[in-house]
Each structure stands twice: as structure tokens, then as C-alpha cells.
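Peer 1: I'll drop the sequence and a predicted model, then ask my questions.
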Number of protein chains: 2
Amino acid sequence: MTYCVAMRLNHGLVFMSDTRTNAGVDNISIFKKMFTWEVPGERLLTIMTAGNLATTQAVVSLLEERAKAPDDREPSILAAPSMFQVAQLIGEVLRDVISNHEQSGQESSSAFNATIILGGQIKGGGQRLFLIYPEGNFIEASEDTPFFQIGETKYGKPILVRAHDPDMTFEEAIRLMLVSFDSTIKANLSVDLPLDLQTYQKDSLQQGHTDRIEFSHPYYQLISNQWGESLKSALDALPDYAIKDQT
Amino acid sequence: MTYCVAMRLNHGLVFMSDTRTNAGVDNISIFKKMFTWEVPGERLLTIMTAGNLATTQAVVSLLEERAKAPDDREPSILAAPSMFQVAQLIGEVLRDVISNHEQSGQESSSAFNATIILGGQIKGGGQRLFLIYPEGNFIEASEDTPFFQIGETKYGKPILVRAHDPDMTFEEAIRLMLVSFDSTIKANLSVDLPLDLQTYQKDSLQQGHTDRIEFSHPYYQLISNQWGESLKSALDALPDYAIKDQT
């Protein structure tokens, strides 16, 4: 499995992804799930992937090949004039890869499906954040739903729902996302460190802060250790349920 | 879907279940998922059910029928000499019901599966808590895993993992479970109020405190409203992530 979160803030985007892949609990590996294409001053595109690793790697390789030689291999995500068209292009590549694998005549016990989060900005347009489905269609983050999760999303959702605020700073958003990741990592073996982190400052049209958060990362250690205590204190601060008629 | 939690504390057991059932989001109903059989001073048995409603209702009806006329309809859960044998009996009934439905020749788009939590105590034995699988086999809660969840378990798990303590009072356990339920209800339409609540005081051999928690329940309102704020405060109390080299 996988866990990735992207958040749309008023002043930018924040991306965080784990790196665990598994084919059964006895076959785990570390793979990067966050990929960025950048033309400084012109466009910044970041995607995060969840699902069948062969599918997502094929999609990234195809996008990469086309981006490297855009004259030969149209359409490229570096040539598409808008974020909407980038999303459309990635959706088509994703759908084609899945359908090729499915039609190859091979049977697989697991699905070839994958889901992709795309965020970024192209000069002349605003920052945008999309969730692209295996069918190639996609939805965009709005003010009402300003973050997307893919993969093992349930454990880390309640804290995001409760604490998300589009006015947050990058630092606050990263803190919130780390808590969401820590809750997921503690509950599910298929999500694990190291985590990849990236921020995008709105209208900067270039990659922002990046970090790889290993288990030994002092800030992760601090969050992981203190959050449990903070939660217990918050719980203790709530009033008691009164058992009136205990028999 | 469903959400049920049972917790083994040092001085007793606590059960909480939701009441939402759904066959698609356009077909929702309220059904009780917690059932108790009691012979005061001799045994107390409580089960909670998740899964196919026809299956769980059939299981409960069969157990009920046998319990009402134990002389005719052996084996009854009111006659079984130990909690282990009660778990075995319920497991067999559950497996038989599922297998009857599956072999009836009817096709179903959803599975006939169900899962059951069983807790209680029989005179001469200790309090015990079991999780019974659709296959009829079961596991018992231990000191290392002192609570069981069934149904939509993921949203509400992190807080249970973090804050559970076998020395908790019933009041503290109920508060923790309500927070876990509230997180789940806020994130997933297939779990909803009212909630059923029951405590069992170890060695009392009779039903403890019971409550049905509706949306208007003052304590639920209080938890639901205050927990969001408490979470945000706990998050704000964590140190900030430092973006050193923002480019």
C-alpha cells in the first residue's frame, strides 16, 4: 500500500508521500512515489502515485521520456499549455498503461490499477491540484475539499478533516501532515518511512522546500513521541461521561 | 458498514456499537447490533455484529431460539459451560448460516460474510473477549491486544492505539470510545448515531450500565464539539517544523 497527501493552501501546495511498497508482507521495498518536472519560471508539476508499482513506474517513465525529447514525442507534459491539459494527458497515459497490462493476456491476482495526485502551476494560470483515477478521469481540489489522499487514507483522515485550514503556513501544514502520517504508520504495516516532502510557493513557478524524512529525523522523532502524549492530555481535558445508574 | 468496539479493562468490559446499516448510500436504516443474554449471578454474554444484516439477524435469531427453549434446542449458549464453548457455538452457527446462504443457489453482489465480537463471563471462569470470524474460528483479546474493532475500523483506530490503558475507569474508556466513534462518524457515512453502550463489571455476572446515545445526547454533543478544538490545541502545542532552506 501507500499513503500520500497533497494539500492546497492559500499560499501554496504541500505534498507528502511515504516510500513503502509491498507485494505481500514478506516482500517490502522502498520506492519513491513523488516525481517533479520543473521549468523554473515557467512551470512546476509534481505527481504522487499509489497503486500497482509496475503501472506507476511505467506512467512516470513514459511521461519522463516524452518530457526529455518534447519535439519528437508530443504530447509532453512540459508542452501542455494548462494544468487541466497536463491532468488530461497523465490520465490518458495512466489509462493506456493499465489497459495494456490488462489486455496482455496475463492473469494477475492483484489489480493493475493506480491513482495519481497532480499539483502545480503553469505560467498564466493559477495553482491547481488534481486527483486522477485509473479510468483517466480526474477531479480538482476545491475550497470545500482542499486536500487529497491516496492509498491507505482512512487512519490519517480524521485529523486532516478536523485541523485543516487553508490559511495554515507551510510549517503548520507539514506538522499536521506528519501527525496524519504517524497515525497511519503506527496502525498499518504497509505505510512506512522514509517520507518525501515538498512545498510549492504559489506563483513561484519553481520547486520549493524538499526534505526526506527518515526515522532518525529529529523532527519526526519529536512529533512521533510527543503526539501520543498530547492526544492523551487532550482526551483527559474532555469532561467525564457520567455513569448515573450503574447497577 | 458498521463500527463496533469492545475493550477489555482490568475491572471489566466495555462495548459500543453504532446502528447504521446500508445497502447502498440510498438505502440506510437503523438496526441494533448489540445483543445480550443474561442469567443474573450465573452468566452474562454480549455480542456485537458487523457484516451482512441478513446473516447477523439469522445468527442472533438462532441463538435466541435455542436460548429460549434450552431443553429442546441444544446446544444453547445459556447451557455452554465456558466462554470458550460459547464462542465455539456462535462460530458454528455463524459459519452454518453463511454457508447455507451461499449454497442456496442465489447470487449476491455483496458477500454474506459477518464478524462477531463476543464478551462476557460465566460463573467459575474469568471475563473473556473474543473476535469470531465468518469461518467460525476466533481469537481472544490479550494483554497485548486488549480491544477488538469490527466494521469500519480504520478511522477510529489511531486514537485507541494511542490512548488505551487497561487501568482506565469505565468513564474514561467510554470517553475514549466516543472520540473514536466521533472520528469515524465524521469521516464515513456508513457509520452513524445512535450508539449503543454497555459496561460489564468483572465478576458481577450481570449487565452493567447501558445507554443509547442519540445525536441530542448532551455528552455526545460536548465530545463532538470539544474534541475538534482539543485536537487543534494539541497540534498547536507541538513544536514547528523548520523550513531552513526555502528557495
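Peer 2: That came through fine. Numbering: from 1, shown residues only, chains lettered A, B, ... in the order given.
Peer 1: tally of neighbours for the closest residue to A:Ala111 other than its chain neighbours?
Peer 2: Closest residue to A:Ala111 in three dimensions, ignoring its sequence neighbours and counting by CB to CB, 6 or more residues apart in numbering or on different chains: A:Asn52, at 6.6 Å. C-betas here are computed from N, CA, C, even on glycine. Around A:Asn52 there are 21 other residues, counting by other CB atoms under 10 Å in any protein chain shown.
Peer 1: so what pLDDT did A:Asn52 get?
Peer 2: What the model reports for A:Asn52 is a pLDDT of 93.
Peer 1: try A:Lys202
Peer 2: So A:Lys202 comes in at 97 (pLDDT).
Peer 1: Surely it and A:Gln121 touch.
Peer 2: Yes - under the criterion of CB atoms under 8 Å, A:Lys202 makes contact with A:Gln121 at 7.1 Å.
Peer 1: so where is chain A shaky, pLDDT-wise?
Peer 2: Counting by pLDDT under 70, chain A shows low-confidence ranges at A:70-74, A:105-110, A:245-247.
Peer 1: Would you map the helices across it?
Peer 2: When assigned using DSSP state H, the helices of chain A occupy the ranges A:53-68, A:83-102, A:157-163, A:170-187, A:218-237.
Peer 1: if we can go back for a sec, so what sits against both of A:Lys202 and A:Gln121?
Peer 2: The contact sets of A:Lys202 and A:Gln121 overlap at A:Gln127 (CB atoms under 8 Å, 6 or more residues apart in numbering or on different chains).
Peer 1: So for those two, which residue has more residues nearby?
Peer 2: The neighbour comparison of A:Lys202 against A:Gln121 (other CB under 10 Å) goes to A:Gln121, with 24 against 15.
Peer 1: what's the neighbour count on the spatially closest residue to the more buried one that is not a sequence neighbour?
Peer 2: Distances taken as CB to CB, 6+ apart place A:Gln127 nearest to A:Gln121, at 4.3 Å, with adjacent residues excluded. Residues lying near A:Gln127 (other CB under 10 Å) number 23.
Peer 1: now swap in A:Ala111 and tell me
Peer 2: Per other CB under 10 Å, the neighbour tally for A:Ala111 reads 13.
Peer 1: one step back: does the residue nearest to A:Gln121 touch A:Gly12 like I think?
Peer 2: Yes - the criterion here is CB under 8 Å, and A:Gln127 meets it with A:Gly12 at 6.9 Å.
Peer 1: between those two, what contacts are shared?
Peer 2: Joint contacts of A:Gln127 and A:Gly12 (CB under 8 Å, 6+ apart) are A:200, A:202.
Peer 1: Show the contacting residues for the nearest residue to A:Glu214 once chain neighbours are set aside.
Peer 2: Nearest residue to A:Glu214 in three dimensions, chain neighbours excluded: A:Pro194, at 4.6 Å (CB to CB, 6+ apart). Taking CB under 8 Å, 6+ apart, we find A:Pro194 in contact with A:18-19, A:30, A:212-215.
Peer 1: For the residues you listed, work out which two are farthest apart.
Peer 2: The distance between the two most remote of those (CB to CB) is 12.9 Å, for A:Ile30 and A:Ile213.
Peer 1: who has more neighbours, the two?
Peer 2: For A:Ile30 versus A:Ile213, the count of surrounding residues by other CB under 10 Å is larger for A:Ile213: 21 against 11.
Peer 1: What residues does the nearest residue to that one once chain neighbours are set aside make contact with?
Peer 2: Nearest residue to A:Ile213, sequence neighbours excluded (CB to CB, 6+ apart): A:Leu195, at 4.3 Å. Contact partners of A:Leu195, counting by CB under 8 Å, 6+ apart, are A:16-19, A:178, A:181, A:212-213, A:220.
Peer 1: For ChimeraX, what selects the buried ones among the residues you listed?
Peer 2: Buried members of these, defined by 16 or more other CB atoms under 10 Å in any protein chain shown, are picked up in ChimeraX with:
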select /A:16,17,18,19,178,181,213,220
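Peer 1: For my notes, please list the contacts of A:Leu195 in a markdown table and give distance to B:Ala58 for each entry.
Peer 2: As requested, the contacts of A:Leu195 are exported to a markdown table (distance: CB to CB, whole Å):
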| residue | distance to B:Ala58 |
| --- | --- |
| A:Met16 | 46 |
| A:Ser17 | 45 |
| A:Asp18 | 42 |
| A:Thr19 | 46 |
| A:Leu178 | 46 |
| A:Phe181 | 42 |
| A:Arg212 | 53 |
| A:Ile213 | 50 |
| A:Tyr220 | 49 |
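Peer 1: Out of the contacts of A:Leu195, which comes closest to B:Glu135?
Peer 2: Distance to B:Glu135, by CB to CB, is smallest for A:Asp18 among the contacts of A:Leu195, at 32.2 Å.
Peer 1: Ramachandran angles for the residue nearest to A:Glu214?
Peer 2: Backbone torsions for A:Pro194, taken as degrees, to the nearest 10, come to phi -70, psi 160.
Peer 1: Next, count neighbours for the closest residue to A:Leu222 other than its chain neighbours.
Peer 2: Nearest non-adjacent residue to A:Leu222, counting by CB to CB, 6+ apart: B:Pro239, 6.2 Å away. Neighbourhood size, B:Pro239 [other CB under 10 Å]: 11.
Peer 1: Spit out the contact partners of B:Pro239.
Peer 2: Counting by CB under 8 Å, 6+ apart, B:Pro239 touches A:219, A:222, A:226.
Peer 1: between these, which has the most around it?
Peer 2: A:Tyr219 (17 neighbours).
Peer 1: hang on, A:Asp192 packs against A:Asp18?
Peer 2: Yes - using CB under 8 Å, A:Asp192 is in contact with A:Asp18, at 6.1 Å.
Peer 1: follow-up on the earlier one: ok, so of the contacts of A:Leu195, who is nearest chain B?
Peer 2: A:Leu178 (7.2 Å; CB to the nearest CB).
Peer 1: burial measure for A:Asp165, as a count.
Peer 2: Counted with other CB under 10 Å, residues neighbouring A:Asp165 total 12.
Peer 1: got it, and A:Gln207?
Peer 2: Neighbourhood size, A:Gln207 [other CB under 10 Å]: 18.
Peer 1: So what does it look like in phi/psi?
Peer 2: A:Gln207 has phi and psi values of phi -60, psi 140 when expressed as degrees, to the nearest 10.
Peer 1: Would you mind measuring from it to B:Phe215?
Peer 2: 47 Å (CB to CB, to the nearest Å).
Peer 1: got it, and A:Gly151?
Peer 2: Taking CB to CB as the measure, A:Gly151 and B:Phe215 are separated by 32 Å.
Peer 1: Fine by me, thanks again.
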